[in-house]
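*Asks:* Compute the structure for the input listed below.
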Amino acid sequence: MHQLDLFAPQPPRLEPVDPNGPVIQGEPDIVLRLPHSRLAWALAEIELHQHEDGRWMWATGTCGGGYKVGPKWGKFAATQQEATRYAAAELLDRARRLAASPSSYCVTKPQAKSIADFARGFL
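*Replies:* Now for the predicted structure:
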């Protein structure tokens with residue numbers, strides 16, 4: 001191992017999804033939102049929460065749909081910054097699918113671009 005490897009981002013630790021596992025019931029530690037221009041829910045959202053063991057978990061949502069952050073999903077990163085990047089990459093992937101078929105997701109192409117730009121801001 002090289003000395004610089006100590007500073008390289010670590011890959012996310014993905015554990016099996018526990019269908020009956022917990023999600024955060026209160027407010028997550030950090031919520032990053034891209035507001036919708038007319039509706040009450042966010043156009044895009046990232047939730048970050050530190051697990052009791054010190055690792056960080058993330059969840060994403062678009063257009064009012066998504067999932068709540070929690071150990072149930074098995075998505076863990078060593079740091080908050082890494083969890084933010086993994087969540088942003090997940091949102092960027094989702095934005096690409098939204099742009100490819102916006103009408104099936106009730107999203108316009110400009111909204112899909114806004115989601116992608118929002119996600120890129122955290123990469």
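
*Asks:* Quick check: longest strand in the protein by residues?
*Replies:* Longest strand in the chain, counting residues (DSSP state E): strand 42-50.

*Asks:* quick one, strands of this structure?
*Replies:* 13-14, 30-35, 42-50, 56-62, 65-66, 75-77.

*Asks:* Just name the most buried of those strands.
*Replies:* Across those, averaging neighbours per residue (mean count of other C-beta atoms under 10 Å) puts strand 56-62 on top, at a mean of 24. Yep, even glycine has a C-beta here, placed from its N, CA and C like the rest.

*Asks:* angle of it against strand 42-50?
*Replies:* 170 degrees (axes from the mean of the first three to the mean of the last three C-alpha atoms, to 10 degrees).

*Asks:* now what about strand 56-62, what contacts it?
*Replies:* With contacts defined as C-beta atoms under 8 Å, 6 or more residues apart in numbering, strand 56-62 is touched by 28, 42-51, 66-71, 73, 75-80, 82-84, 86-87, 90-91, 94-95, 98, 105, 107, 115.

*Asks:* Check which residues of the helix ranked longest in the chain are buried.
*Replies:* Longest helix in the chain by number of residues (criterion: DSSP state H): helix 80-100. Buried positions in helix 80-100, judged by neighbour count with 16 or more other C-beta atoms under 10 Å: 80, 82-92, 94-95, 98-99.
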